[in-house]
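>>> My questions concern the predicted model and sequence given below.
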Amino acid sequence: MKRSLAWWLQCAVTLVIAAFLLVPAIQSILAGVTANYFRGLSSGLTLKWIGRVWELYSASIFLSLWLAIACLVVTLVIGVPAAYALARNPGRLSRMLEEFISLPLAIPGLALALALLQLYGTLSGFRTSWTFILVGHVLYTLPFMVRSVLAVLMAMDFRSLEESAATLGASAFTRFRTVIVPNAMPGILAGALTVVTLSIGEFNLTWMLHTPYLKTLPVGLADSYASMRLEVASAYTLVFFAMIVPLLMAMQWASARAQRIAQ
Amino acid sequence: MTLTIETAAKTFADGTRALCPTDLTVGPGEILSLLGPSGCGKTTLLRIIAGLERPDAGSRIRFDETDVTGLAVEHRNVGMVFQSYALFPNMSVRANVGYGLKVRKVPADERRQRVDEVLRLCRLTDYADRPTHALSGGQRQRVALARAVAPRPKILLLDEPLSALDAALRDSLRDELAAMLRQFRITAVFVTHDQSEAMAIADRIAVMSSGTMLQVGRPEELYHAPANTFVARFIGNAMPLAGQMENGVLHLPGGRLELPASAAGKTAYIRSENIRLDQAGSLEGKVETVTFSGGHFRLAVGGVLPDGSLLYLQHPGRTAPESGSTVRLTIDPSDLIYLADQTSTHS
């Protein structure tokens, strides 16, 4: 088949851009499994650096996972009922409240962290505990949960569903548990994956809040870039990728599903 | 169960009066229809009965002798079929129908038995395990009905249950719904804006307009003896014969009609099905339009009524006069309805 010149040009531009994005990633991944980066691939491939990352930073990995789970639990407990309350009482006040919850999206993480430090920095027990970082993560991720659930609730006629459950004898809590939550599930799932992904990857807020004993995965990454061999830092990136990419894919899938249902 | 409503009224927060103080009694096993144009307050009244809307102070709702005015919707034991059906999308047909029994903690054995029975009565047994989105409109309506009656409610409330269906389906499902409601032998209140629906299903009809209940009665009563002009026009489209009354004779632009003495000071109304084409008729007019609608022709005749109003009539038979031709009409005075002037009826 004969291709036009335009087709070849488009193809070339696409390949150049793809290379521009992919080459550094490939190089970084290769650096993480190369025995000696400065001598290049000829020095041989090794898993030594990944082992070293595990030795040095496994605590960061577990702290990040733990924080992400805790953050998810808190945003579920606060966010789902909050979204439901906002959907139930549409009005100027609800809009303002929704905007207010969403503020952390617009404010730089550093500013948010500074505010937290000013307010709670002197409570040394709290300041040095992992829950301090958790508060920051919850502030940052809560709007994603609320908006995701709210979008699904607004798309379905939840009021009629709830009213029909009420005429059938269901109390307010039973209605929430058996009708609202199951039907909002696509939004809850999409929100949950977003919250976990964001919590694991969050850097600038966490960097301000962390203590030397509480380094999360991205904070550890910065640390390794600053103070370790390039191979260790690259191996760390590889570990980070391995954790975050499946989450990212699951998130894409879940939000596509939520959007399909919302239509 | 007898439903008694005393001075039920509803004023919304912004001050709109959705329902003026209304009294109504629905007897045991009776099917009553609330009929009126949209915005007349019929759905508000239904929601007040259900407990979904809180009426103004001074309103009283009783189920038999029990005052339920302050009782929350979930404790009233009503069954409701919503306009959108509001089936739970996360549950199968069976789970939808069993929901009311489940939240009332009916034991599983008894629940299964009861659900099976209701599914059978509503001819849904074959669809029991399907998800609700895999059903047709008519099947969804039956699921909504089955779900509402399964917990054996004291009263069944239906909010425009046929309006979500195609026009073609609506007529056949109307009769089916009427038959199913009779078979449940349950007191029912049924909201509609369609008079033929109300007539086909209800024992009695309550006609509502702008938040007021205008007349309550059997369909024949409303048709033959409407209490005011709104009811006369809404049920069966009665047309006013506005002319000059002199000594028992009504003078119209198209001729004259002799009326009984009791007609003095009132307006005479006539329905299209009671006007006949007749060479010897006392009224004359010009055919403006002719529409064939299957069983009969519908003719619009000008020149009979003042101010260019058209008089509609139904003409059976195979042929009709052409538009533009002059025809003579006759009206049997016994078919006329005499009503006081419109101004005094909408108080």
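Yep, it's here.

>>> Tell me, how many residues neighbour residue 62?
The chain I'm using is chain A. 11 (other Cβ atoms under 10 Å in any protein chain shown). Backbone N, C-alpha and C define where each C-beta goes, glycine included.

>>> hmm, I had chain B in mind actually
A count of nearby residues for B:R62, using other Cβ under 10 Å, gives 16.

>>> Skipping its backbone neighbours, what lies nearest B:L250 in space?
B:L257 (4.4 Å; Cβ to Cβ, 6 or more residues apart in numbering or on different chains).

>>> Assign that neighbour to helix, strand or coil.
strand (DSSP: H, G, I helix; E, B strand; the rest coil).

>>> would you list every one of the helices in the stretch 51-200 of chain B?
B:93-103, B:108-121, B:137-149, B:167-184, B:195-201 (DSSP state H, counting those that start in this stretch).

>>> With mean pLDDT, distance to chain A and mean neighbour count as new columns, can these be given to me in TSV?
Below are the helices of the stretch 51-200 of chain B laid out as TSV (pLDDT from 0 to 100; distance: least, Cβ to the nearest Cβ, whole Å; neighbours: other Cβ atoms under 10 Å in any protein chain shown):
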stretch	mean pLDDT	distance to chain A	mean neighbour count
helix B:93-103	96	4	24
helix B:108-121	94	13	16
helix B:137-149	93	7	24
helix B:167-184	85	16	15
helix B:195-201	92	20	20
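
>>> Select, out of those, the one closest to A:V13.
Evaluated with Cβ to Cβ, these place helix B:137-149 nearest to A:V13, the distance being 51.5 Å.

>>> Next, the angle from that closest one to helix B:167-184.
30 degrees (axes from the mean of the first three to the mean of the last three Cα atoms, to 10 degrees).

>>> What is helix B:137-149 packed up against?
Packing contacts for helix B:137-149, counted by 3 or more Cβ pairs under 8 Å, 6 or more residues apart in numbering or on different chains; DSSP states H and E, involve strand B:78-81, helix B:93-103, helix B:108-121, strand B:155-159, helix B:167-184.

>>> Secondary structure element holding residue 240?
Looking at chain A here, since you left the chain open. A:F240 belongs to helix A:230-262 when assigned by DSSP states H and E.

>>> should've been chain B
strand B:239-241.

>>> can you list contacts of that strand?
Residues from elsewhere that reach strand B:239-241, judged by Cβ atoms under 8 Å, 6 or more residues apart in numbering or on different chains: B:229, B:250, B:252, B:257, B:267-272, B:305, B:309, B:311-312, B:336.

>>> can you list the residues of chain B near chain A?
Counting by Cβ under 8 Å from any Cβ of the partner chain, the residues of chain B close to chain A are B:50-52, B:73-80, B:82, B:84, B:86, B:88-90, B:99-100, B:103-104, B:147-148, B:151, B:157.

>>> Show me which of the residues you listed are buried.
By neighbour count, with 16 or more other Cβ atoms under 10 Å in any protein chain shown, the residues of chain B next to chain A hold B:50-52, B:73-74, B:76-80, B:82, B:86, B:88-90, B:99-100, B:103, B:147-148, B:151, B:157 as buried.

>>> Would you mind listing what in the stretch 151-263 of chain A touches chain B?
Residues of the stretch 151-263 of chain A lying close to chain B by Cβ under 8 Å from any Cβ are A:156-157, A:160-161, A:163-171, A:174, A:178-179, A:182-183, A:185.

>>> Filter the residues you listed down to just the buried residues.
Here, 16+ other Cβ under 10 Å leaves A:156, A:160-161, A:163-170, A:174, A:178-179, A:183, A:185 buried among these.

>>> who are the neighbours in contact with B:P55?
B:A8, B:A9, B:K10, B:L19, B:I48, B:I61, B:T69.

>>> follow-up on the earlier one: now the contacts of strand B:239-241: which count as buried?
B:229, B:250, B:252, B:257, B:267-272, B:305, B:311-312, B:336.

>>> Can I get the residues you listed in a markdown table including secondary structure and pLDDT?
A markdown table is the format used below for those (DSSP: H, G, I helix; E, B strand; the rest coil; pLDDT from 0 to 100):
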| residue | secondary structure | pLDDT |
| --- | --- | --- |
| B:T229 | helix | 91 |
| B:L250 | strand | 88 |
| B:L252 | strand | 89 |
| B:L257 | strand | 88 |
| B:T267 | strand | 88 |
| B:A268 | strand | 90 |
| B:Y269 | strand | 92 |
| B:I270 | strand | 93 |
| B:R271 | coil | 93 |
| B:S272 | helix | 92 |
| B:L305 | coil | 89 |
| B:L311 | strand | 92 |
| B:Y312 | strand | 93 |
| B:L336 | coil | 90 |
